[in-house]
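**Student:** give me a model of this one.
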Amino acid sequence: MNVITKLDGYRWVMRAPKEPLVREGFTALEPGEDEAVVRVVGCGVCHTDLGFLYDGVRTRHALPLALGHEISGEVVATGSSYEHLLGRAVVVPAVTPCGRCDACLEGFGTVCRTQVMPGNDVQGGFASHLVVPARGLCIVEAPGALEGRELAKSGCTLAELSVVADAVSTPYQAICRSGLGDGDLAIVIGLGGVGGFAVQIAKALGAHVVGFDVAQERIDALTKYGLELGINPKGLDGNALAARVKEFANSKGIAPRGWKIFECSGSRAGQELAWRLLGPAAYLSVVGFTMDKVEVRLSNLMAYDAVAAGNWGCLPELYPALVSMVLEGRISVRPFVEVHPMADAQSVLERAHAHQTRQRPVLVP
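**Tutor:** Next up is the predicted model:
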C-alpha cells in the first residue's frame, strides 16, 4: 500500500448550509486496500453541489464536507491491488457501486446501497487530493494529459474533461439505455449542461435531434453541435409544440413511433412537455430532477405501449467508450465549460447559484 504522509493538502469544506466554504488543510492521506488517492486536476461544479450548499439537500456524509463529484486527476497512491494505476491520468466516476452486492451482481449497480459519491458519501473534489474507490477509475489514454496539454482530437485538457464524470456521462447512460440509433428521433428537453451534452451524444450516434429550451442562446449555441431543430416553448401550448416536432419528423422521413425523449430540464414545465410528446412505442427518460409534482395520465403508457424510465448517474463500465468519443472529437467539451482557480470556489458557486455563469464551471487547484 502507498501512503502519502507528507502532504500539503487542502479542502474547501461546507460546514453548514448557506454558509461560506472554509479552506482546511491536511498532511496525510492513506488509501484502503480497494482505494486510491487522486491528485485533483479539475473538478466541475454541478447543480447538485448547489443543492447541498443553498437548498437544504442533505449530504449522506456528516458535515464538514468538501463537495464536488466531477473529478479528473492523477492517481498518486493506491491499495496493493491497484498499483497499476499509479501515475495514471483518470476520470473519477461520480458514483461508484461496490461491485460485490446482490444488486451489482444482478446488473443493478446504479442502485447499489453502498455506492460511493464524492462530495456526498466521502470528501469530494473541491480539494487538492481525495480518497476514492479504485474500482471503476477511468484511465485517460492521451499523451500529455498530466502536463495540461490538449487531449488527442478533443481540444480539451484533463481538467476540462472532469465534467465527463456527470454532465456528460449521465445523459450518455440514459441514451444507451434507450437504444437510440442511427436515423432515430431524439428529443431533448432542457439544453443546459446535461441536456446540451445529450444533444451531442445523440447526434454522434446518428440520430436526428430536436431540442427545447426557454433560453434562446442555448439553442443558438447548440446548432453547431448537432441540434437540427431548436424550439423555444415560450408562448406556445402543448399542441403547437407537438405539431412542430411532428412536422420535423415528417420532413426527415422519420416514423411517428419509437421517439426517444430525454427530459433534462428538471422542471415541472419540462416534465409536462415530455409527457405531452409521448407517442406510439416512445421511450421517455427522466434525467433531470425537481421537487415539483406533475399530474399525468399513466394510461398513456398503456395506450401507446410506451416506456418511461428514470436514470441515476452512469455505471463506471460505460466510461471508457464515452471518454473515447470525447478524445476522438465526437463530443465537444471545451466550448461548454469555463475554468476557475480552486481558490475562487466560493465566488464561483455564488455566481452559479445566481445563474451568472455562462458555462459549466471547472475548479482547478
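**Student:** which residues touch residue 108?
**Tutor:** If a contact means CB atoms under 8 Å, 6 or more residues apart in numbering, then residue 108 has no contacts. Using the backbone N, CA and C atoms, a C-beta is placed for each residue, glycine as well.
**Student:** any idea how far residue 298 is from it?
**Tutor:** Per CB to CB, to the nearest Å, residue 108 is found 23 Å from residue 298.
**Student:** secondary structure class for residue 233?
**Tutor:** Under DSSP: H, G, I helix; E, B strand; the rest coil, residue 233 falls in the coil class.
**Student:** ignore the last one, residue 339
**Tutor:** Following three-state DSSP, residue 339 is assigned to strand.
**Student:** got the phi/psi numbers for residue 71?
**Tutor:** Main-chain dihedrals, residue 71, degrees, to the nearest 10: phi -130, psi 140.
**Student:** for residue 164, same thing?
**Tutor:** phi -60, psi -30.
**Student:** can you start the count at 64 instead of 1 from here on
**Tutor:** Yes, from this point I'll number from 64; that puts the last item at residue 227.
**Student:** quickly find the element holding the nearest residue to it once chain neighbours are set aside.
**Tutor:** Distances taken as CB to CB, 6 or more residues apart in numbering place residue 154 nearest to residue 227, at 5.4 Å, with adjacent residues excluded. Assigned by DSSP states H and E, residue 154 belongs to strand 152-155.
**Student:** which SSE is immediately downstream of that strand?
**Tutor:** Per DSSP H and E, the first helix or strand lying C-terminal to strand 152-155 is helix 165-168.
**Student:** average pLDDT across the next helix or strand after that next one?
**Tutor:** Where DSSP H and E defines the elements, the next helix or strand beyond helix 165-168 is strand 192-196. Averaging pLDDT along strand 192-196 gives 98.
**Student:** run through who's touching strand 192-196.
**Tutor:** Residues from elsewhere that reach strand 192-196 (CB under 8 Å, 6+ apart): 67, 70, 72, 74, 92-95, 97-103, 129, 134, 139, 155, 159, 179, 181, 185-187.
**Student:** what's the spacing between residue 85 and residue 121?
**Tutor:** Distance from residue 85 to residue 121, by CB to CB: 19 Å.
**Student:** next one: residue 197
**Tutor:** Note on residue 197: its distance to residue 121, by CB to CB, is 27 Å.
**Student:** and the two? Which one has more around it.
**Tutor:** residue 197 (24 against 11; other CB atoms under 10 Å).
**Student:** next up, the contacts around that one.
**Tutor:** Contacts of residue 197 by CB under 8 Å, 6+ apart are 94, 97, 98, 99, 138, 141, 142, 144, 145, 148.
**Student:** wait, the second one sits on residue 141?
**Tutor:** Translated: residue 97. No: counting by CB atoms under 8 Å, residue 97 stays clear of residue 141, with 9.1 Å between them.
**Student:** out of these two, which sits in the busier spot?
**Tutor:** residue 141 (24 against 16).
**Student:** buried set for stretch 306-322?
**Tutor:** By neighbour count with 16 or more other CB atoms under 10 Å, stretch 306-322 contains the buried residues 308, 311, 312, 317, 321, 322.
**Student:** in helices, which of the residues you listed appear?
**Tutor:** Among the buried residues of stretch 306-322, DSSP state H puts 308, 311, 312 in helices.
**Student:** can I get those residues in TSV including pLDDT and distance to residue 224?
**Tutor:** Formatted as TSV, these follow (pLDDT from 0 to 100; distance: CB to CB, whole Å):
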residue	pLDDT	distance to residue 224
308	97	33
311	98	33
312	97	34
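**Student:** gap between the nearest residue to residue 304 once chain neighbours are set aside and residue 139?
**Tutor:** Nearest-residue entry for residue 304: residue 296, 5.7 Å, with adjacent residues in sequence omitted and distances by CB to CB, 6+ apart. Per CB to CB, residue 296 is found 48 Å from residue 139.
**Student:** wasn't residue 386 part of a strand?
**Tutor:** No: assignment of residue 386 by three-state DSSP gives helix, placing it outside any strand.
**Student:** what pLDDT does the model give it?
**Tutor:** Residue 386 carries a pLDDT score of 98 in this model.
**Student:** the closest residue to it other than its chain neighbours pairs with what?
**Tutor:** Spatially, and ignoring its direct neighbours in sequence, residue 386 is nearest to residue 201 (5.8 Å; CB to CB, 6+ apart). Assessed by DSSP bridges, residue 201 has beta-bridge partners residue 154.
**Student:** what's near enough to touch residue 201?
**Tutor:** Residues near residue 201 by CB under 8 Å, 6+ apart: 153, 154, 155, 156, 379, 382, 383, 386.
**Student:** buried subset of those?
**Tutor:** 153, 154, 155, 156, 379, 382, 386.
**Student:** my guess is residue 307 contacts residue 292. True?
**Tutor:** Yes: with contact defined as CB under 8 Å, residue 307 counts as touching residue 292 (7.5 Å).
**Student:** and the helix or strand harbouring residue 113, what does it pack against?
**Tutor:** Assigned by DSSP H and E, residue 113 belongs to helix 110-117. Applying 3 or more CB pairs under 8 Å, 6 or more residues apart in numbering; DSSP states H and E, we find helix 110-117 packed against helix 408-416.
**Student:** residues in contact with the helix or strand just after the helix it packs on: which ones?
**Tutor:** Per DSSP H and E, the first helix or strand lying C-terminal to helix 408-416 is strand 423-427. Contacts to strand 423-427, defined as CB under 8 Å, 6+ apart, come from residues 104-109, 131, 133, 188-189, 222-223, 225-226, 230, 256, 399-405, 407-408, 411, 414-415.
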